[in-house]
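1. okay, predicted coordinates and the sequence, questions at the end:
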Number of protein chains: 2
Amino acid sequence: MAKKNKTKYALLGVLNTMSGSGYDIKKFCDSSIRYFWNENYGHIYPVLQKMEEEELVTKHVEQTDGRPSKNVYSITAKGRAELDNWLLMPVEPEHGRSELLLKIFWSKNVPVEVLIEKFMQIKEVSEEMLVQYAQIENDLKAHKDEIDKMNLVLWISTVNYGKHDSEAKIKWCEETIKSLEEIED
Amino acid sequence: MAKKNKTKYALLGVLNTMSGSGYDIKKFCDSSIRYFWNENYGHIYPVLQKMEEEELVTKHVEQTDGRPSKNVYSITAKGRAELDNWLLMPVEPEHGRSELLLKIFWSKNVPVEVLIEKFMQIKEVSEEMLVQYAQIENDLKAHKDEIDKMNLVLWISTVNYGKHDSEAKIKWCEETIKSLEEIED
DNA sequence: AAATTATATATCACTGTGATATATTTCAAA
DNA sequence: TTTGAAATATATCACAGTGATATATAATTT
């Protein structure tokens, strides 16, 4: 019927690593999985409440003075089972919507020089991303003694995905620019 | 505030090529841009209505016997201007959510053999995609005399994106499988 | 002292998704 | 031949996801 709720699994994954509030979860996401997954409060809070009802997590309220009291969530055995089960299920095919490709597809009346300029910009952004991924990989390898062996391989694999993706985009831009230049003649 | 409506531009792009009903538009999308853009009726019909109100398209009702009467939409000068304007604007950065990478990130307790098996499956799917993209490219080149020169370059570029993307995934799978095998020892 | 950043939760309006409902024609297989 | 599947055509629902905004206060920086 509707799209399947994947935020649930992102939150279960975080809570399987640490207990924390919605705010803590958001911070964790932003600092670790942000390159391929982003969460926002508008979803975190309602999904946490729903998961509590489903007994996938438990809530305990921490009183603080001044600040709003903190709702600390922890994963339950049932939640862990749900996560493990999801991890083994095949990934649902992602149709995705690429605004970039949509624009290119409809751009026949855009002047060639403007298009070439745009592809050069895309190439530059991809080159910057490549530098960022290399940095993350270095950071991971620098802390390799503190990270679980298995996690290290998996986390480096996700970074590697980004590297291959950026490299592919760069090559694609170069090839497209070349064929656009051939039109101009 | 909310996410920006991109369906609008997809529909304007289609209607810039041909006039037609919601049904026609859906068919066009499924047969041309499906690899990077998918539209569904749940969105096409309300967005068409809204665009009519904004005078980006006009509707004329075609009576048919038996079947529901067909609402044929055509793009207006205002709609064409809106499309042209959007085409020149930079692409909004896509954060995207990759269920695949999310799963890998949380998979430290999944047995290594199971993970390797999963990566082999992903590799196979990417190899199949590569074949499909090659086929589309051949089809395009076979009809190159009927296609506008500029469109041919742009459409082949979008197919090429898919090819580079698949190739990158294949390489990534091979590398990850290799590093997973090294853990097993 | 003032301004900014960090902590913390909640809600709104909107976009996007995929299933389902409804109804008829046309064509092919049993 | 009739049964049924596929194509034509529109509409609607429940839910998922987004990003901005509202509301408060503490700690830190300027």
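-> Good, I have the coordinates.

2. surely residue A:28 touches residue A:15?
-> No - look at residue A:28 against residue A:15 with Cβ atoms under 8 Å: they stay out of range, at 9.5 Å. For every residue, glycine as well, the C-beta is placed using N, CA and C.

3. which residues touch residue A:87?
-> Under the criterion of Cβ atoms under 8 Å, 6 or more residues apart in numbering or on different chains, the contact list for residue A:87 reads B:103, B:106, B:107, B:109, B:110.

4. hang on, I meant residue A:38
-> By Cβ under 8 Å, 6+ apart, the residues touching residue A:38 are A:29, A:30, B:95, B:97.

5. so which of those reach DNA strand D?
-> Subset of those in contact with DNA strand D: B:95, B:97, counting by Cβ under 7 Å from any atom of the strand.

6. sort out which one of the contacts of residue A:38 lies nearest DNA strand C for me.
-> Comparing the contacts of residue A:38 against DNA strand C with Cβ to the nearest atom of the strand picks out residue A:30 as the nearest, at 10.0 Å.

7. which element follows the one helix or strand that closest one maps to toward the C-terminus?
-> Assigned by DSSP states H and E, residue A:30 belongs to helix A:22-32. Per DSSP H and E, helix A:22-32 leads on to helix A:41-53 as the next helix or strand towards the C-terminus.

8. and the angle from that next one to helix A:22-32?
-> Relative orientation of helix A:41-53 and helix A:22-32, computed by axes from the mean of the first three to the mean of the last three Cα atoms, to 10 degrees: 120 degrees.

9. neighbouring contacts of the helix or strand following helix A:41-53?
-> Under the assignment DSSP H and E, the closest C-terminal helix or strand after helix A:41-53 is strand A:57-62. Applying Cβ under 8 Å, 6+ apart, the contact partners of strand A:57-62 are A:11-12, A:15, A:48, A:51-52, A:69-76, A:79.

10. what's the closest of those residues to residue A:183?
-> Distance to residue A:183, by Cβ to Cβ, is smallest for residue A:11 among the contacts of strand A:57-62, at 49.1 Å.

11. buried sites along the longest helix seen in chain A?
-> Taking DSSP state H as the criterion, chain A has its longest helix at helix A:149-184. Of all the residues in helix A:149-184, those buried under the rule 16 or more other Cβ atoms under 10 Å in any protein chain shown are A:150, A:152-173, A:175-177, A:180.

12. neighbour-wise, which of residue A:28 and residue A:15 wins?
-> residue A:15 (25 against 20; other Cβ atoms under 10 Å in any protein chain shown).

13. which pLDDT value goes with that one?
-> Reported pLDDT at residue A:15 in the predicted model: 97.

14. residue A:65 now?
-> pLDDT, residue A:65: 62.

15. re earlier: just the angle for the longest helix of chain A relative to helix A:22-32, thanks.
-> 60 degrees.

16. looks like residue A:10 contacts residue A:37 (just checking).
-> Yes - Residue A:10 lies in contact with residue A:37 (Cβ under 8 Å); the separation is 5.9 Å.

17. give me the common contacts of the two.
-> Joint contacts of residue A:10 and residue A:37 (Cβ under 8 Å, 6+ apart) are A:29, B:102.

18. neighbour count: these two, which is higher?
-> residue A:10 (25 against 21).

19. residues in contact with that one?
-> A:29, A:33, A:37, A:39, B:102.

20. alpha carbons of stretch A:114-127, as CSV, please.
-> Extracted C-alpha coordinates of stretch A:114-127, given in CSV (Å, rounded to 0.1, in the frame of the first residue of the first chain):
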residue,chain,number,x,y,z
VAL,A,114,25.8,26.3,-21.0
LEU,A,115,25.5,22.5,-20.8
ILE,A,116,29.2,22.0,-20.9
GLU,A,117,29.6,24.6,-18.1
LYS,A,118,27.1,22.6,-16.0
PHE,A,119,28.9,19.3,-16.6
MET,A,120,32.1,20.9,-15.5
GLN,A,121,30.5,22.0,-12.3
ILE,A,122,29.1,18.5,-11.6
LYS,A,123,32.6,17.1,-12.2
GLU,A,124,34.1,19.6,-9.8
VAL,A,125,31.6,18.7,-7.1
SER,A,126,32.4,15.0,-7.6
GLU,A,127,36.1,15.7,-7.3
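
21. before we move on, the earlier item: of the contacts of residue A:87, closest to DNA strand C?
-> Using Cβ to the nearest atom of the strand, residue B:103 comes nearest to DNA strand C of these, at 17.2 Å.

22. the closest one: neighbouring residues, count only.
-> Count around residue B:103 with other Cβ under 10 Å applied: 22.

23. give me the element the residue nearest to it when sequence neighbours are not counted is part of.
-> Spatially, and ignoring its direct neighbours in sequence, residue B:103 is nearest to residue A:87 (5.7 Å; Cβ to Cβ, 6 or more residues apart in numbering or on different chains). Using DSSP H and E, residue A:87 falls within helix A:77-88.
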